[in-house]
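1. sharing a model prediction with you, sequence too.
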Amino acid sequence: MGNIIVKCAVKVWQKQENNMPYIPEYDRERFQMPLNLLCDFIETAGEMNYCISKLCHLVLQKKGLKYDNIAFVLAALEGAKLEFYRSVAAPYENKKMAENGDI
């Protein structure tokens, strides 16, 4: 059931006009200070999970609890996960594979 919801959420996310995480620099500025402040407090994976989950719940409280908004949040989470893997995890894995050899 969870995979079906994520697949539907990704389809909704893909239909939105500006669906990439690359927002203009001037739009990023308003998020930078609160994100830096929050980052100073996160020390564990549990705390990181809590902050991400709480943000999702707060967005739903503001936007309203309905399917489109749930899909909006799930799509953003899935997109962020994929972007993080593409930009951080994959390059790290490639570096380590080059250093230590493939499987």
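-> Here it is on my side, so go on.

2. where does pLDDT dip in this protein?
-> Residues of the chain that meet the criterion pLDDT under 70 lie in 1-21.

3. quick one: secondary structure of the residue most central in space within it?
-> For the chain, the residue whose C-alpha lies nearest the mean C-alpha position (Cα atoms, centre = their mean) is Ala80; its distance is 2.7 Å. Three-state call for Ala80 (DSSP: H, G, I helix; E, B strand; the rest coil): helix.

4. so how far is Gly101 from it?
-> With the distance defined as Cβ to Cβ, to the nearest Å, Ala80 ends up 31 Å from Gly101. All C-beta spots, glycine's among them, are computed from the backbone N, C-alpha and C.

5. now the helix or strand Cys51 falls within: buried residues?
-> Element membership of Cys51, judged by DSSP states H and E, is helix 45-63. By neighbour count, and taking 16 or more other Cβ atoms under 10 Å as the criterion, the buried residues in helix 45-63 are Cys56.

6. can you list contacts of it?
-> Helix 45-63 is contacted from outside by Leu38, Phe41, Ile42, Asn69, Ile70, Phe72, Val73, Leu77, using Cβ atoms under 8 Å, 6 or more residues apart in numbering.

7. kindly reformat these as a markdown table containing distance to Tyr26 and neighbour count.
-> Converted to a markdown table, the contacts of helix 45-63 look like this (distance: Cβ to Cβ, whole Å; neighbours: other Cβ atoms under 10 Å):
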| residue | distance to Tyr26 | neighbour count |
| --- | --- | --- |
| Leu38 | 21 | 13 |
| Phe41 | 26 | 8 |
| Ile42 | 26 | 14 |
| Asn69 | 26 | 15 |
| Ile70 | 30 | 17 |
| Phe72 | 23 | 19 |
| Val73 | 25 | 17 |
| Leu77 | 25 | 17 |
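
8. okay if I get the residues you listed as CSV plus distance to His57 and secondary structure?
-> Compiled in CSV, the contacts of helix 45-63 are given as follows (distance: Cβ to Cβ, whole Å; DSSP: H, G, I helix; E, B strand; the rest coil):
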residue, distance to His57, secondary structure
Leu38, 15, helix
Phe41, 18, helix
Ile42, 17, coil
Asn69, 11, helix
Ile70, 11, helix
Phe72, 13, helix
Val73, 9, helix
Leu77, 12, helix
